[in-house]
Structures are given as structure tokens and as C-alpha cells.
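**Q** Next one to model:
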Amino acid sequence: MKKIILFLVLSLSLFTTSFATIKSFKLEEANVDKIIIGDIDTHHSGRTNSQG
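**A** Down below sits the predicted model:
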């Protein structure tokens, strides 16, 4: 009986940790996208200002 409980606890902890890492990875990807878009916006505004 103890082995079953231990197995359940271990599997649950593994699942939660993997879920947390996936969630944080997705958040990092979103941040990278925002940074890239922000860089493009600043470059474009800089170019238009220098040309104008």
C-alpha cells in the first residue's frame, strides 16, 4: 500500500514540475516575440525619422 502512495506522489510531482517548465518556456517565447517586435518598431521609427 505504501508503494502505491509513493508512486502516486512521485508521478504527481513529476507532472507538476514538467507542467511548470512548459508554462515558463511558453512565457519566455512570448517575451522573446515581444522583444523582437519592439526592436523592429524602434528600427523603423529611427529610419523614418532620419529620412524625414
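
**Q** Can you show me the helices along the protein?
**A** With DSSP state H as the criterion, the chain has helices at 2-51.

**Q** what about it, any weak spots by pLDDT?
**A** 35-52 (pLDDT under 70).

**Q** what's the neighbour count on L12?
**A** 10 (other Cβ atoms under 10 Å). No exception for glycine: its C-beta is placed from N, CA and C like everyone else's.

**Q** An error on my part: the question was meant for K34.
**A** Neighbours of K34 using other Cβ under 10 Å come to 10.

**Q** before we move on, what about F19?
**A** When neighbours are counted by other Cβ under 10 Å, F19 comes out with 10.

**Q** Same check on the one 4 residues further on?
**A** One way to gauge burial is a neighbour count; for K23, by other Cβ under 10 Å, it gives 10.

**Q** how close does it get to A30?
**A** Separation of K23 from A30 (Cβ to Cβ, to the nearest Å): 11 Å.

**Q** cool, and F7?
**A** From F7 to A30 the distance is 35 Å (Cβ to Cβ).

**Q** now swap in S24 and tell me
**A** 11 Å.

**Q** do the same with M1
**A** 44 Å.

**Q** Neighbour count: these two, which is higher?
**A** Legend: neighbour count by other Cβ under 10 Å for M1 and A30, higher for A30 (10 against 5).

**Q** Can I get stretch 17-32 in CSV, CA atoms only?
**A** The C-alpha coordinates for stretch 17-32 follow below in CSV (Å, rounded to 0.1, in the frame of the first residue of the first chain):
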residue,chain,number,x,y,z
THR,A,17,7.2,20.2,-12.4
SER,A,18,7.1,19.3,-16.2
PHE,A,19,3.9,21.4,-16.5
ALA,A,20,5.6,24.4,-14.7
THR,A,21,8.6,24.2,-17.0
ILE,A,22,6.5,24.0,-20.1
LYS,A,23,4.5,27.1,-18.9
SER,A,24,7.6,29.1,-18.1
PHE,A,25,9.1,28.1,-21.5
LYS,A,26,6.0,29.4,-23.3
LEU,A,27,6.2,32.6,-21.3
GLU,A,28,9.8,33.1,-22.4
GLU,A,29,8.9,32.5,-26.0
ALA,A,30,6.2,35.2,-25.8
ASN,A,31,8.7,37.6,-24.2
VAL,A,32,11.2,37.0,-27.0
